[in-house]
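> Okay, predicted coordinates and the sequence, questions at the end:
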Amino acid sequence: MTGPEYAIVIPTVGRPGLDEVLRALVTVPRAVAPSEVVVVDDRPGADDAQPVLGVNWPGVRVLRTGGRGPATARQAGWHSCSAPWIVFLDDDVRPPPNWSERLSADLEDLPQHVAGSQGRIVVPRPAGRRPTDNERNTIALEQARWITADLALRRGALERVGGFDTRFPRAYREDTDLALRMEEAGLCLVLGERVCVHPASKGRRGASLTAQRGNADNALMRRLHGSRWRERVDEAPGSLRSHTVTTTLLVASAAAALAGRPRTAGGLGALWAARTARFAAARIMSGPADAGEWADMALTSALVPPLAVWHRAAGELRHARSRRRPSLRAILFDRDGTLVEDVPYNGDPALVAPRDGAARAIELARSHGLAVAVVTNQSGVGRRLITEDDVSAVHRRIDDLVGPVDVWEVCAHREDEGCACRKPRPGMVLSAARKLGVSPAECAVVGDIGADVEAAAAAGARGVLVPTPRTREAELRAVPEVEDGPLEAVVRLLGGRRP
């Protein structure tokens with residue numbers, strides 16, 4: 001018996017344990033194996049000359065997103081997959097041998113209102129000692145709700161809510177934000193029976209200081225979901241209020257000293273020292289009897305409160321005008337067969353005939369604040385059947401008939417030239433996104449043949465097929481999103497919203 005079809009997306013920065021994770025995923029019985037595994041390399045500036053360590057298994061595809069963060073990596077990953085279930089796994093978990101079978105059992109026969117299934121995370125405890133501060137943070141994952149360390153989601157549910165919000169730059173809160181938006185859409189998530197082992201992170205000294213950057217993401221959560229968002233996910237209140245009091249005492253003590261009021265400064269300083277000592281003692285007593293850990297806790301306990309307050313204040317300023325927005329920021333249309341009727345190697349503006357709904361599609365996209373571009377193969381230029389001036393004249397006519405386009409991306413190469421821009425290669429999608437100032441994961445490509453959707457997938461963009469008589473049956477079967485025309489495609493991408 002074959003289980004539910006699923007694809008796996010792993011956002012990674014090249015941890016050495018990736019090979020072990022992939023081995024557990026691909027060396028399983030075919031009946032429960034993933035349809036594909038996508039490893040998203042989110043290292044800044046990474047290219048094909050910088051291979052991802054551990055990716056040497058057949059059927060594993062690498063997608064690069066240029067260091068934009070885990071939310072963008074996961075968004076690009078699910079965009080590039082066509083399976084009805086998308087399973088997000090972190091590269092530092094260790095799926096046991098029966099994980100695939102138990103995943104299939106978790107997903108089997110779930111009601112349609114259930115958007116996803118969360119795997120159970122188990123963190124092994126260190127032997128013979130209490131865990132360090134970093135290890136305790138990893139252990140807390142066992143009680144966390146809706147974390148993407150092991151989370152299976154319906155592709156349709158991701159489409160419905162727009163997927164991950166790419167404004168979250170760290171592996172922190174992007175999963176909680178997604179779960180809250182799914183809840184608001186009337187969808188629910190359930191806890192599965194499968195188990196994934198997550199080794200405790202030993203980390204490095206001072207890691208708790210870097211972790212305070214997450215307070216800026218908490219500011220974005222407040223703007224998007226209100227001040228009571230923690231209650232909705234059964235999370236205990238954070239420590240920001242306590243850190244604010246401690247930081248205020250420190251600043252006030254320094255101000256009193258500068259104002260020549262030593263007694264006041266001393267009193268405030270003593271209060272600050274007492275609160276800091278209490279904070280440090282609680283962290284030290286929870287950890288191992290290790291001098292290095294004690295020193296780390298003592299130092300970082302003095303620095304954590306002001307850093308937490310600083311990052312939260314910076315986040316509040318940065319996100320002061322943030323509001324709910326769809327993760328989609330641009331739509332890239334194919335030209336021939338999508339926006340206009342297909343006239344082979346057309347260089348005559350008089351032959352341009354818009355496809356039904358094309359003008360309204362562009363108008364609708366713009367009315368929702370989306371950028372619009374066209375990505376089109378024009379090998380007639382390379383074949384010397386038409387000129388670049390002919391292509392430009394046709395594009396001016398299309399602008400007149402369906403509305404102005406922000407960016408035109410044209411590949412003039414022949415099929416045999418092996419360029420990086422001709423669809424189904426992703427070059428034009430990547431270039432258009434760059435010129436529009438958005439990530440490819442924030443784009444959708446609308447086209448009439450499989451090459452258009454394949455180019456979207458290769459770039460990490462979402463793809464929608466709008467078939468014509470020349471669209472092959474195999475292409476229709478291979479893509480997850482199909483609509484009757486360009487207007488219907490835009491309506492779908494906007495979650496069903498019309499003017």
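Yep, that arrived.
> Settle this for me: residue 71 is touching residue 166, isn't it.
Yes. Under the criterion of CB atoms under 8 Å, residue 71 makes contact with residue 166 at 5.0 Å. Glycine gets a C-beta too; all of them are placed from N, C-alpha and C.
> Can you give me the neighbour number for residue 274?
12 (other CB atoms under 10 Å).
> For my notes, confirm it occurs in a helix.
Yes. Assessed by DSSP: H, G, I helix; E, B strand; the rest coil, residue 274 belongs to a helix.
> how much space between it and residue 395?
Computed with CB to CB, to the nearest Å, the distance linking residue 274 and residue 395 is 71 Å.
> Enumerate every residue touching the residue lying closest to residue 197 once chain neighbours are set aside.
Nearest residue to residue 197 in three dimensions, chain neighbours excluded: residue 94, at 4.3 Å (CB to CB, 6 or more residues apart in numbering). By CB atoms under 8 Å, 6 or more residues apart in numbering, the contact set of residue 94 is 17, 20, 21, 24, 196, 197, 198, 199.
> for the record, mean pLDDT for stretch 79-99?
Regarding stretch 79-99, the rounded mean pLDDT is 93.
> hang on, I meant stretch 104-121
94.
> Show me which residues of that stretch are buried.
By 16 or more other CB atoms under 10 Å, the buried positions in stretch 104-121 come out as 104, 105, 106, 107, 110, 115, 116, 117, 118, 119, 121.
> and the end-to-end length of that stretch?
17 Å (CA to CA, to the nearest Å).
> any idea which element the spatially most central residue of the chain lies in?
By CA atoms, centre = their mean, the chain has its centre lying nearest to residue 71, at 2.6 Å. Using DSSP states H and E, residue 71 sits in helix 70-79.
> contacts for the helix or strand following that helix?
From helix 70-79 onward toward the C-terminus, using DSSP H and E, the following helix or strand is strand 85-89. Applying CB under 8 Å, 6+ apart, the contact partners of strand 85-89 are 4-11, 21, 25, 34, 74, 77-78, 95, 103, 107, 148-155, 158, 196.
> Need the phi and psi values for the closest residue to residue 309 other than its chain neighbours.
Spatial nearest neighbour of residue 309, chain neighbours left out: residue 247 (4.6 Å); criterion: CB to CB, 6+ apart. Dihedral angles of residue 247 (phi, psi; degrees, to the nearest 10) stand at phi -70, psi -40.
> is it true that residue 247 touches residue 306?
Yes. Counting by CB under 8 Å, residue 306 is a contact partner of residue 247 at 4.7 Å.
> Can you identify each of the helices in the stretch 351-499 of the chain by residue range?
The residue ranges that make up the helices of the stretch 351-499 of the chain, judged by DSSP state H, counting those that start in this stretch, are 358-367, 379-382, 388-402, 427-436, 450-459, 473-478, 486-493.
> Which one of the ones you listed lies nearest to residue 255?
If you check each of these against residue 255 by CB to CB, helix 427-436 wins as the nearest, at 47.3 Å.
> outside of the closest one, which residues touch it?
By CB under 8 Å, 6+ apart, helix 427-436 touches 329-330, 332, 371, 373, 375-376, 406-407, 409-411, 419-422, 439-440, 442-443, 445, 455-456, 458-459, 461.
> ok so, going back, who has more neighbours, residue 247 and residue 306?
residue 247 (20 against 17).
> list the buried ones in stretch 160-177?
160-169, 171-177.
> what stretches of this protein score poorly on pLDDT?
Scanning the chain for pLDDT under 70 picks out 1, 13-14, 46, 48-51, 53-54, 203, 325-326, 497-499.
> Just want the phi and psi numbers for residue 112.
phi -60, psi -30.
> Next: the one 5 residues further on.
The main-chain torsion angles of residue 117 are listed as degrees, to the nearest 10 and equal phi -130, psi 130.
> Could you list which residues are in contact with it?
Contacts of residue 117 (CB under 8 Å, 6+ apart): 103, 106, 107, 110, 151, 152, 189, 190, 191, 192.
> and what of residue 159?
So residue 159 contacts 462, 481, 492 (CB under 8 Å, 6+ apart).
> Count the neighbours of the last one for me.
To tie it back to what came earlier, the one meant is residue 492. 17.
> Repeat that for the second one.
Residue 481 has 20 neighbouring residues, counting by other CB under 10 Å.
> ok, it to residue 456 distance?
For residue 481, the distance to residue 456 - CB to CB - is 10 Å.
> which residues are common contacts for the two?
462, 463.
> Now do the strands in this protein.
6-12, 36-41, 60-64, 85-89, 114-122, 150-154, 188-197, 330-333, 371-377, 407-411, 443-447, 462-465 (DSSP state E).
> And the ones you listed: which comes nearest residue 311?
Using CB to CB, the nearest of the strands of the chain to residue 311 is strand 6-12, at 22.6 Å.
> Tell me what angle the closest one forms with strand 85-89.
Per axes from the mean of the first three to the mean of the last three CA atoms, to 10 degrees, the angle that strand 6-12 makes with strand 85-89 is 30 degrees.
> before we move on, the earlier item: save the strands of the chain as TSV, and put in distance to residue 260 too.
Shown next, in TSV, are the strands of the chain (distance: least, CB to CB, whole Å):
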stretch	distance to residue 260
strand 6-12	54
strand 36-41	57
strand 60-64	58
strand 85-89	58
strand 114-122	55
strand 150-154	57
strand 188-197	59
strand 330-333	58
strand 371-377	58
strand 407-411	62
strand 443-447	60
strand 462-465	63
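> Of the buried residues of stretch 104-121, which is the nearest to residue 477?
Of these, the one sitting nearest to residue 477 (CB to CB) turns out to be residue 107, at 21.5 Å.
> quick one on the thing from earlier: please convert the buried members of the contacts of strand 85-89 into PyMOL selection syntax.
For the buried members of the contacts of strand 85-89, the matching PyMOL selection, counting by 16+ other CB under 10 Å, is:
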select buried, resi 4+6+7+8+9+10+11+21+25+34+74+77+78+95+103+107+148+149+150+151+152+153+154+155+158+196
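> sorry, back to before: residue contacts, the residue nearest to the centre of the chain?
So residue 71 contacts 164, 165, 166, 167, 168, 169, 174 (CB under 8 Å, 6+ apart).
> Excluding covalently adjacent residues, which one is nearest to the third one?
Going back to what we said before, that points to residue 166. residue 72 (4.6 Å).
> and which of the contacts of residue 159 is nearest residue 357?
Out of the contacts of residue 159, the member with the shortest distance to residue 357 (by CB to CB) is residue 492, at 12.4 Å.
> Grab the nearest non-local neighbour of that closest one.
Nearest to residue 492 is residue 483, by CB to CB, 6+ apart, at 5.5 Å.
> Check residue 271 too.
Using CB to CB, 6+ apart, the nearest residue to residue 271 is residue 249, at 5.1 Å.
> Distance-wise, check the one you found relative to residue 297.
20 Å.
> quick one, which of those two is more surrounded?
residue 297 (24 against 21).
> Hmm, that one is touching residue 282, no?
No. Between residue 297 and residue 282 there is no contact under CB under 8 Å: 9.1 Å.
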